[in-house]
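**Q** below is the sequence, then the predicted model.
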Amino acid sequence: MNKKNICELLKPLCFYIEKPDEQILDIMTDSREVLLDSVFFALSGSKFNANDFIKQALQNGAKLIITEKIPNISCDYIVVENLRKIQNFIASKIYDIPKGKIGIIGITGTNGKTSSTYIVQNMLENIGINCGRAGTINVYTGKNTYKSINTFPDGPLFLRYINESVKSNMKYFVCEVSSQALALKRTENIEFSYGIYTNLTRDHLDFHKNMEDYFLSKKKLFENISKKKKESGFAVNTDCEYGKRLYIEFKDKTKVISFGYNQYCDVKILNVSEKNGLSSMKFEFNNTIHCVDYFLTGDFNAMNVAGCISLLIVMGIDINIIKKACHNILPIPGRLEKVKYKDKNIYVDYAHTPDALQRAILSLRKIYNKVILVFGCGGNRDSGKREIMGKIAFENADFSFITNDNPRYESSIDIVNDILKGFLGENYSVVYNREKAIIQAIEKVQKEDCVLIAGKGHEDYQEINGVKNYFSDRGVIEKYENTI
């Protein structure tokens, strides 16, 4: 990467420049990173003031500070009026990613984002197209794999990943795009080419005022895509009322393909069956019936696969090539993932919303005699969904072990009491210790039944009172198997 004279690039945005001749190679957004010849963005958040970390940033290789107020330490700096608003513009200038070199695919919705990013990447790579990926689990750039901090990272960090992916000859980069990222303008000055809208159900109402506000944040992604006139478009689930609204609004502005079970869909799911872990889906497109096989469990994964098929159609890939691309879709970490355990059927899943929990339970009910559920709800998040999730567990699982998820700063007792409001019978047991709850579920389940451990999926921590302690649902299962 060539060094950039940042002050020449940014003079129109600056209202105070101290020593304007720094040559910059990279961007530092976390003062703990070690990045030589970098610029440090001193952004202030609700819990901290990044100006307090300027000294550490300088020690770790920053040559220049961009901030909203003059630092109280001797350094080279630029003062700007609204750093959060312009940070992606600055990053795009520094990384100078060639226009049209890589297509960015954004996937948004309440559920199915992670699965869909993995499926899209798998499908593209199965037909010889290199694709990077970013989301809740990790980031893959072709050159490196990084652990994720947020579902969608801060814009400058995202653009660094894009820059690295371009250098690794990735043709596309698929990413989850959260409503928070869209609302907080993390996607500003980032051009998306394609997208998928998966669904919209209750979640994040601790952040959004209501469901309409939640939807309007999601809609920003498709407004972004519709501005790109060539090689652009998106796939939308029109079984969802919000998806229908998107289809109606954007069908004349960009290329849009609908998918789902309803009769008006462009890609209409006709039938889904499963045997020995292999799913088969029949769907109709252009008045022709097609069939694809893939190794993913559940009707909700049929929707995810249909959405990804629709996306590739939007991208101009032939339907027969797309069908071949489905054959080697790999299982997704922590997404209705079956964990090998002797002769028992045990699944871990990230389901932490009412809709996702219900879909996971119902998918397993089609395969097994009984479903034994282990779940909880996160603390300091939308508390209104707890009773709803309790009711779903009561009505759909045969027995539930109610336990801790990530209580954060909230009382575990209060969280569980909220969940119990949804239980109208006694088909449950409260076991606050999550490891003990998992073990009791394993001991209870019979050969023809299954255990569903929901809420954390791929996560390898449990957050209690602000501390993230190591914890893995899969790790508990494997440890218990080795001790009996």
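**A** Okay, I see it. Residues are numbered from 1 along each chain as shown.

**Q** thought K63 was touching I27?
**A** No. Judged on Cβ atoms under 8 Å, K63 makes no contact with I27 at a distance of 11.5 Å. All C-beta atoms are positioned from the backbone trio N, CA, C, and that covers glycine.

**Q** joint contacts of those two?
**A** Residues touching both K63 and I27 by Cβ atoms under 8 Å, 6 or more residues apart in numbering: 38-39.

**Q** so which of the two has more stuff around it?
**A** More crowded of K63 and I27, by other Cβ atoms under 10 Å: I27, with 26 against 22.

**Q** from L35, how far out is that one?
**A** 8 Å (Cβ to Cβ, to the nearest Å).

**Q** output stretch 169-181 as CSV, restricted to C-alpha atoms.
**A** C-alpha atoms of stretch 169-181 as CSV (Å, rounded to 0.1, in the frame of the first residue of the first chain):
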residue,chain,number,x,y,z
ASN,A,169,-7.9,-11.5,-5.2
MET,A,170,-11.3,-11.8,-3.7
LYS,A,171,-14.0,-11.0,-6.3
TYR,A,172,-16.7,-10.5,-3.7
PHE,A,173,-17.0,-9.8,0.0
VAL,A,174,-20.1,-10.9,1.8
CYS,A,175,-21.0,-9.5,5.2
GLU,A,176,-23.7,-9.4,7.8
VAL,A,177,-25.1,-5.8,8.2
SER,A,178,-26.8,-5.2,11.5
SER,A,179,-29.5,-2.6,12.1
GLN,A,180,-27.3,-0.9,14.7
ALA,A,181,-24.5,-0.5,12.1
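
**Q** now that stretch, how far from the centre of its chain.
**A** 9 Å (Cα atoms, centre = their mean, to the nearest Å).

**Q** domain ranges for the chain?
**A** 4-90, 103-325, 337-483 (automatic domain parsing).

**Q** want to try JSON lines for these, with distance to D96 and mean pLDDT as columns?
**A** Converted to JSON lines, the domains of the chain look like this (distance: least, Cβ to Cβ, whole Å; pLDDT from 0 to 100):
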{"stretch": "domain 4-90", "distance to D96": "7", "mean pLDDT": "82"}
{"stretch": "domain 103-325", "distance to D96": "8", "mean pLDDT": "96"}
{"stretch": "domain 337-483", "distance to D96": "34", "mean pLDDT": "96"}
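
**Q** reformat the ones you listed as TSV; add distance to I97.
**A** Output for these, formatted as TSV (distance: least, Cβ to Cβ, whole Å):
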stretch	distance to I97
domain 4-90	12
domain 103-325	6
domain 337-483	29
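
**Q** in stretch 477-484, what counts as buried?
**A** By 16 or more other Cβ atoms under 10 Å, the buried positions in stretch 477-484 come out as I477.

**Q** what residues does it touch?
**A** By Cβ under 8 Å, 6+ apart, stretch 477-484 touches 339, 341-342, 346, 348, 438-439, 442, 453.

**Q** one more: stretch 216-229?
**A** 106, 108-109, 177, 179-180, 182-183, 187, 190-195, 197, 200, 208, 232-234, 242, 246, 250, 253-254.

**Q** okay, that stretch in CSV with CA atoms only?
**A** Output of stretch 216-229 as CSV, limited to C-alpha atoms (Å, rounded to 0.1, in the frame of the first residue of the first chain):
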residue,chain,number,x,y,z
LEU,A,216,-36.3,1.7,8.6
SER,A,217,-32.7,1.0,9.8
LYS,A,218,-32.6,-2.2,7.8
LYS,A,219,-34.0,-0.4,4.7
LYS,A,220,-30.9,1.8,4.6
LEU,A,221,-28.9,-1.1,3.1
PHE,A,222,-31.3,-1.4,0.1
GLU,A,223,-31.3,2.4,-0.4
ASN,A,224,-27.5,2.1,-0.6
ILE,A,225,-27.7,-0.8,-3.2
SER,A,226,-30.3,0.9,-5.3
LYS,A,227,-28.0,3.9,-5.9
LYS,A,228,-25.6,1.7,-7.8
LYS,A,229,-27.1,1.4,-11.3
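
**Q** buried ones in it?
**A** So stretch 216-229, judged by 16+ other Cβ under 10 Å, has buried residues 216-222, 224-226, 228.

**Q** what sits against Y350?
**A** 114, 136, 334-335, 356, 454-459.

**Q** that older thread, nearest to G379, out of the buried residues of stretch 216-229: which one, please.
**A** G379 lies nearest to S217 out of the buried residues of stretch 216-229, by Cβ to Cβ, at 23.2 Å.

**Q** host element of that closest one?
**A** helix 211-226 (DSSP states H and E).

**Q** cool, E395 as well?
**A** Counting by DSSP H and E, E395 is part of helix 384-396.

**Q** helix or strand right after that helix?
**A** Trace forward from helix 384-396 with DSSP H and E and the next one is strand 399-402.

**Q** ok, then the element right after that following strand?
**A** helix 412-420.

**Q** hmm, back to that, helices or strands up against the following helix or strand past the helix holding S217?
**A** Sequence-wise, the next helix or strand downstream of helix 211-226 (DSSP H and E) is strand 233-237. Identification of packing neighbours for strand 233-237 by 3 or more Cβ pairs under 8 Å, 6 or more residues apart in numbering; DSSP states H and E yields strand 194-197, helix 211-226, helix 241-250, strand 255-260, helix 299-314.

**Q** what sits up against strand 233-237?
**A** 109, 194-199, 222, 225, 243, 246-247, 250, 254-260, 267, 303, 307-308, 310-311, 313-315.

**Q** make it 7 Å
**A** If you take Cβ atoms under 7 Å, 6 or more residues apart in numbering as the criterion, strand 233-237 is touched by 194-199, 222, 225, 243, 246-247, 254-260, 303, 307, 310-311, 314.
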